[in-house]
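Undergrad: model the structure of this input:
(one chain, ligands or ions: 1)
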Amino acid sequence: MATLLPGGQATVRGSREPYGPRVVSGELHCEASMICQRCLQPVTVTLRGSIRWGLVFSDREMQSLDQELDPVLVEEGQLFLRQTIEDEMVLLLPIMPMHDSCDNEWIPDLEPGDVSEKKSPFAVLAALKNEQRS
Ligand SMILES: [Zn+2]
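TA: Next comes the predicted model:
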């Protein structure tokens, strides 16, 4: 479950190598609302990715496309840019979205005691001693 938030940015540019396929490359930047897998509350994740599409006009062209390019099929002479970019962004969604610092984080108590916790009783004792002295 993810909702792409408005305000996403995609910078794309087209180029064509001599005798090569039409190439669309660019950068994607978008935010999506997902569910934190730790606390099950909504979390906003930032998606960043780069694209390198090779435009193909038939299945046969897709087969022969350079392996470095992601084939994007242009149907009826149209590239559905928005749809294709959205598809690309969905691929960038994390499998396990989580808050960077999840408030409801459950941390197993593996640390050998919290230092600040241990210090505080002594600090209280020291304070008592000082009071008795005065
Ligand atoms: Zn969370």
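Undergrad: so which residues on the protein come close to the ion?
TA: Taking CB under 5 Å from the ion, the part of the chain that reaches the ion is made up of 36, 38-39, 99, 102. (C-beta placed from N, C-alpha, C; glycine too.)
Undergrad: which among those count as buried?
TA: The neighbour-count criterion (16 or more other CB atoms under 10 Å) marks 36, 38, 99 among the residues of the chain next to the ion as buried.
Undergrad: most centrally placed residue in the chain?
TA: Compute the mean C-alpha point of the chain, and by CA atoms, centre = their mean the closest residue is L47, 3.8 Å away.
Undergrad: now that residue: closest residue in space that isn't a chain neighbour?
TA: Spatially, and ignoring its direct neighbours in sequence, L47 is nearest to L92 (4.1 Å; CB to CB, 6 or more residues apart in numbering).
Undergrad: how about the contacts made by the one you found?
TA: Taking CB atoms under 8 Å, 6 or more residues apart in numbering as the definition of contact, the neighbours of L92 are 28, 30, 47-49.
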